[in-house]
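S.K.: have a look; sequence and predicted model below, questions after that.
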Amino acid sequence: SSIDQLGHDKPFVQFLSVLGFSFSREFVLEAWDGDSLDASAALERLRVTGFLVSDEASTPGNYRFRHALIQEAAYGSVLRRTREDLHDRVANVLCAAMKARGNGEPEIIARHLSLAGRTDEAVPAWQQAGDRLGQRAAHIEAAEQYQRGLDDLAKLPASADRHKREYDLRVRLAAALTPVVGWSATQVAETYKDAQQLAKTIGDPYRQFIALRGKFNVLFLMGRLTRAREVITELSNTAERSGDRMLMNEAVKVEGLCALHEADFERAVEYLELATSGFSGDDSSRKQALVVFGTDPAVTGLSGLSWARWFTGCRDSANVCIGRALSLAKESGHAFSEAYACGFAACLRQFACDAKGAKTDADHLIRLAVKYHFPYWEGWGRILLGWSLGHIGRGEDGLTELNRGIEIYRATGAQQMLPYAFSLRREL
């Protein structure tokens with residue numbers, strides 16, 4: 001093969017294949033276990049012979065294999081033990097650089113640790129990578145990192161520590177999946193169910209609460225309020241046992257949201273005001289909640305409170321609440337929380353029969369949902385856009401859009417807002 005014809009450059013090309021399809025000259029010189037001048041000369045020879053391509057125009061100092069098949073062939077030619085040793089060396093260099101500089105790409109470190117057979121170290125790196133990607137609204141990629149962490153974790157012997165680590169990965173996986181498949185999707189429900197079993201085995205009230213909270217979401221968004229309310233009792237008791245302020249606030253908020261959908265608006269106001277007051281300011285518990293719940297609790301609480309205020313006749317207060325929710329979401333830069341607030345804002349416009357205002361909010365919601373792949377909120381947005389179009393003289397377009405929104409919404413497994421959507425359709 002062409003790899004075998006490389007002569008003394010073959011080990012160097014095999015090393016490059018371990019780095020991946022592309023790499024920087026600086027890192028090659030740092031990680032290569034040999035003379036840097038020889039490595040520089042080898043890079044140039046490989047570029048001239050066509051094995052490598054220089055990316056100087058787009059990224060100065062970067063190289064890539066001319067074709068992915070070349071990289072795959074080179075990687076496949078490395079003996080297993082040698083391959084592990086190379087990944088081990090690269091992982092060490094990356095870890096040292098991350099420690100020295102305070103930044104790095106944990107997903108790359110995790111990959112090299114995993115392929116080096118350092119599974120115990122790879123698992124937390126996969127988790128860190130998922131957390132990092134989730135903070136940037138890269139939820140699909142975050143879910144992939146958590147799943148890789150679970151795959152590596154399964155290689156380790158069963159133990160109490162492994163149960164805890166598996167639980168932590170599963171609740172993160174569920175929170176990452178929720179934006180991209182929906183709160184009530186089968187995959188989310190099953191992941192929370194697995195997490196709940198682990199939490200019972202571990203016996204930790206904090207972990208039990210997070211898993212139960214996920215179960216509540218599944219039932220709540222499916223419109224099964226009676227069963228959801230049964231879970232609320234468990235949530236309240238578990239939060240009390242934990243003594244954790246964030247969990248107690250969340251239990252109060254959940255009670256308020258359930259009361260809102262039971263049309264007990266005074267009770268909803270009471271509980272949601274109490275909950276949102278516990279998440280005021282730059283609260284570290286809000287950031288913690290983002291990881292385990294997938295949304296900003298202050299944003300979701302204020303959004304629900306805006307509806308509760310509206311239905312108790314306090315329209316000015318409702319607008320203040322949704323304004324605060326939108327501001328907090330934008331300040332945090334958390335796209336899924338912004339979509340949540342925007343969806344509630346669009347509904348408030350619809351409640352007020354403000355078709356133009358609802359259309360503006362629905363358009364923004366759809367743009368967010370399409371950009372970040374939030375099918376639940378895309379469906380919601382299109383339902384409200386359809387209603388808006390129908391009320392500004394575009395009835396046929398509105399009906400088409402609304403029906404499309406119902407189809408997308410239903411596909412997430414959610415049913416909670418379907419009666420509302422059907423009532424809007426009857427107006428067209």
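M.R.: Looks like it arrived, so ask away.
S.K.: I'd say D296 and S327 touch.
M.R.: No - at 11.4 Å, D296 does not count as touching S327 under the criterion of Cβ atoms under 8 Å. For every residue, glycine as well, the C-beta is placed using N, CA and C.
S.K.: give the contact list for the residue nearest to D363 when sequence neighbours are not counted.
M.R.: Closest residue to D363 apart from its sequence neighbours, by Cβ to Cβ, 6 or more residues apart in numbering: L385 at 6.7 Å. Counting by Cβ atoms under 8 Å, 6 or more residues apart in numbering, L385 touches 358-359, 362-363, 366, 398, 401-402, 405.
S.K.: likewise for V291?
M.R.: Counted by Cβ under 8 Å, 6+ apart, V291 has contacts 131, 134, 172, 175.
S.K.: where is pLDDT lowest across these?
M.R.: Across these, the bottom pLDDT score, 87, is held by G134.
S.K.: name the helices or strands packed onto the helix or strand containing that one?
M.R.: Per DSSP states H and E, G134 falls inside helix 119-135. With contacts taken as 3 or more Cβ pairs under 8 Å, 6 or more residues apart in numbering; DSSP states H and E, helix 119-135 sits against helix 106-115, helix 139-153, helix 160-181, helix 284-293.
S.K.: least confident secondary structure element in this structure?
M.R.: Least confident helix or strand of the chain, by mean pLDDT, DSSP states H and E, is helix 284-293 with a mean of 80.
S.K.: pull out the buried residues from it.
M.R.: Within helix 284-293, the residues that count as buried by 16 or more other Cβ atoms under 10 Å are 285-286, 289-293.
S.K.: check stretch 269-285 too.
M.R.: For stretch 269-285, using 16+ other Cβ under 10 Å, the buried residues are 269-273, 275-276, 278-279, 283, 285.
S.K.: re the thing from before, most neighbours among the contacts of V291, which one?
M.R.: The residue in the contacts of V291 with the most neighbours, by other Cβ atoms under 10 Å, is A175 (28 neighbours).
S.K.: T295 versus that one, what's the distance?
M.R.: 9 Å (Cβ to Cβ, to the nearest Å).
S.K.: list the contacts of D168.
M.R.: Counting by Cβ under 8 Å, 6+ apart, D168 touches Q127.
S.K.: again, but for I383
M.R.: 402, 405-406, 409, 417, 421, 424.
S.K.: is R241 in a helix, a strand, or coil?
M.R.: Each residue gets one of three states, and R241 gets helix by DSSP: H, G, I helix; E, B strand; the rest coil.
S.K.: what's the distance between it and Y271?
M.R.: R241 is 20 Å from Y271, by Cβ to Cβ.
S.K.: please apply the same query to G390.
M.R.: From G390 to Y271 the distance is 35 Å (Cβ to Cβ).
S.K.: do S306 as well
M.R.: 14 Å.
S.K.: likewise K371?
M.R.: 33 Å.
S.K.: and what of Y146?
M.R.: The value you get for Y146 to Y271, if Cβ to Cβ is used, is 32 Å.
S.K.: okay, now the unreliable bits of the chain?
M.R.: Within the chain, the stretches with pLDDT under 70 are 1, 56-58, 102-103, 280-282.
S.K.: repeat that with 80
M.R.: 1-6, 55-60, 101-104, 278-285, 287, 291 (pLDDT under 80).
S.K.: please enumerate the strands of it.
M.R.: Along the chain, counting by DSSP state E, strands occupy 22-24, 52-54, 62-65.
S.K.: tell me the strands beside the last one, with direction?
M.R.: Sheet pairing for strand 62-65, assigned by DSSP bridges, gives strand 22-24 (antiparallel), strand 52-54 (antiparallel).
S.K.: identify the residues contacting the last one?
M.R.: This points to strand 52-54. Against strand 52-54 from outside (Cβ under 8 Å, 6+ apart): 16, 43, 46-47, 62-66.
S.K.: S36: neighbour count?
M.R.: For S36, the count of nearby residues is 11 (other Cβ under 10 Å).
S.K.: tell me the spacing between it and V53.
M.R.: When S36 is compared with V53 (using Cβ to Cβ), they lie 21 Å apart.
S.K.: also K356?
M.R.: Taken as Cβ to Cβ, the span from K356 to V53 is 53 Å.
S.K.: those two: which has the busier surroundings?
M.R.: V53 (15 against 10).
S.K.: now do D120 against A129, distance only.
M.R.: 16 Å.
S.K.: likewise Y206?
M.R.: 23 Å.
S.K.: so between the two, which is more surrounded?
M.R.: Set Y206 next to A129 and count neighbours by other Cβ under 10 Å: A129 wins out with 24 against 17.
S.K.: surely that one is in contact with L113?
M.R.: No - counting by Cβ under 8 Å, A129 does not reach L113; the two are 10.9 Å apart.
S.K.: what's the overlap in contacts for the two?
M.R.: By Cβ under 8 Å, 6+ apart, no residue touches both A129 and L113.
S.K.: about what we covered before: which parts of the helix holding G134 are buried?
M.R.: Under 16+ other Cβ under 10 Å, the buried positions of helix 119-135 are 121-134.
S.K.: that helix vs helix 106-115, what angle?
M.R.: 160 degrees (axes from the mean of the first three to the mean of the last three Cα atoms, to 10 degrees).
S.K.: the inter-axis angle of helix 119-135 versus helix 139-153?
M.R.: Using the same axes, to 10 degrees: helix 119-135 against helix 139-153 is 170 degrees.
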